[in-house]
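*Asks:* How does the following fold in three dimensions:
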Amino acid sequence: MLTSSILNSVTFKDLDGGLPNRWNTLHENRKHGAFKIIPYCQQFNKDDVVYLQFTSDSDSDVTLTAYNPDAQTPDVQSVASSYEGDDNRYFFNFEVTLGAAYYDKKIWFVVTQDTDELRSEPIYCRDLTADLTKRLKKIQYYNLDRNVTDLSDYWVDWSVIDEMYFYVESVNVDPLDPDDVEILEGSQSKTIIASSLYAGEEFKTGGIPDYMEMKLKAASLLDVFLVNGIQYLRESANSERFGQSTSWVLSLNLTEKNTIGLNVDDLGIVLTEEGSEMPIVTKRNVAVTTAGWQVENPEGYMLHSIWIKHAGTSVPSSAQVKVGTTVGGDELLDVVQGTIAKTDPWKTFSKHYLKDADAAYNVYVSVIGTGAVMDIIMNFDTIETE
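*Replies:* Down below sits the predicted model:
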């Protein structure tokens, strides 16, 4: 069965035609007596790259088609990662660039696999420059690797996707700054023996559908949750109906994880170009040939895992891949381990390797096999310093 996480940047539903409920009915069709339905489209900025992931117990290719309202060229994706056992699970990634064909248009998506079909709630693509300084906030989120977190990943394989994000109408003007003080009471005076103060705020949305209300709740419970580039921890959440409508207002009490000048003097994190913390850096090359691939292991990161499969244009029925810290080296992956059949799905190798914690260095990939073209992903995990 093809499924979509509640955390997907865009919400998908299985319109199975059964008795209507929140999971099989689009917002615009969810009628509840005299309650008013307020039309809603998630806003995305022009030229945004929207990240989507789907899960299935089948490894058949998944097809995503965008409508604006005309059907655009379908995007077909094979397995991005898999976990096989008594119950197999396969993950499929898509990156949709909202280019000129989508400007100032209402868009929706249909994703299919075999006989399964999911339909998205609508989104709208436009220039958000002005609104991002006022009523719109950018929400970014992701989870740490499952080996280092106990938090639910909500059926997203975060090891093969950098982050997800969306925008929501909200205000965060009211401060909620948690503080704590312990006082020792003497016979004639009192003394503060311990104290703490954090920056916080009330984050309150406008009227949003129930699927957006749940998406925000789930995102705020992940390891990393950012609002306009600042990382927060969610203390509590409260929802109330938006007037006499089927929409909701969600209030989150948020505390900044770190505030420079208040409780830290250096965030001590590695930032992406967009300014968000990256606990795992993923590098992918979909066309590694016998010319090889030189990959930089970033400063402050260690090699965590390697994923390999044949690209669609690969010729031989089998190829060999070597990975080392010198050109042609194989101390990380030799040709015996790295023999990949063209019929193989993603093969994963858990390779925890660290050469230097304080400087970047190179990892080298060699491919053996005439006409071989390999799709290779490397994940680098953050080295945290107390």
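*Asks:* ok so residue 303 is a strand residue?
*Replies:* Yes. Membership of residue 303 in a strand is supported by DSSP: H, G, I helix; E, B strand; the rest coil.
*Asks:* That one pairs with what?
*Replies:* As for beta bridges, residue 303 partners with residue 353, residue 380 under DSSP bridges.
*Asks:* how far away is it from residue 10?
*Replies:* 33 Å (Cβ to Cβ, to the nearest Å). Heads up, the C-betas are built off the backbone N, CA and C, glycines and all.
*Asks:* Also residue 382?
*Replies:* Look at residue 382 and residue 10: by Cβ to Cβ, they are 28 Å apart.
*Asks:* Give me the below-cutoff pLDDT ranges for the stretch 201-350 of the chain.
*Replies:* Residues of the stretch 201-350 of the chain meeting the criterion pLDDT under 70: 265-279.
*Asks:* where along it do the strands fall?
*Replies:* 224-227, 230-241, 248-256, 280-288, 293-297, 301-310, 318-324, 339-341, 347-353 (DSSP state E, counting those that start in this stretch).
*Asks:* of all those strands, which lies closest to residue 87?
*Replies:* Closest of the strands of the stretch 201-350 of the chain to residue 87 is strand 347-353, at 17.5 Å (criterion: Cβ to Cβ).
*Asks:* re earlier: I'd like the strands of the stretch 201-350 of the chain as a markdown table, with mean neighbour count and distance to residue 82 appended.
*Replies:* Shown next, in a markdown table, are those (neighbours: other Cβ atoms under 10 Å; distance: least, Cβ to Cβ, whole Å):
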| stretch | mean neighbour count | distance to residue 82 |
| --- | --- | --- |
| strand 224-227 | 22 | 25 |
| strand 230-241 | 15 | 31 |
| strand 248-256 | 20 | 35 |
| strand 280-288 | 17 | 16 |
| strand 293-297 | 17 | 22 |
| strand 301-310 | 21 | 10 |
| strand 318-324 | 21 | 18 |
| strand 339-341 | 17 | 14 |
| strand 347-353 | 14 | 8 |
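*Asks:* Quick check: which of those strands is nearest to residue 209?
*Replies:* strand 248-256 (7.4 Å).
*Asks:* which helices and strands does the closest one pack with?
*Replies:* Where contact means 3 or more Cβ pairs under 8 Å, 6 or more residues apart in numbering; DSSP states H and E, strand 248-256 is packed against strand 200-205, helix 210-219, strand 230-241.
*Asks:* Please repeat the previous calculation with a cut-off of 10 Å.
*Replies:* Applying 3 or more Cβ pairs under 10 Å, 6 or more residues apart in numbering; DSSP states H and E, we find strand 248-256 packed against strand 164-175, strand 200-205, helix 210-219, strand 224-227, strand 230-241.
*Asks:* want to try JSON lines for these, with distance to residue 85 as columns?
*Replies:* Shown next, in JSON lines, are those (distance: least, Cβ to Cβ, whole Å):
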{"stretch": "strand 164-175", "distance to residue 85": "26"}
{"stretch": "strand 200-205", "distance to residue 85": "39"}
{"stretch": "helix 210-219", "distance to residue 85": "26"}
{"stretch": "strand 224-227", "distance to residue 85": "28"}
{"stretch": "strand 230-241", "distance to residue 85": "33"}
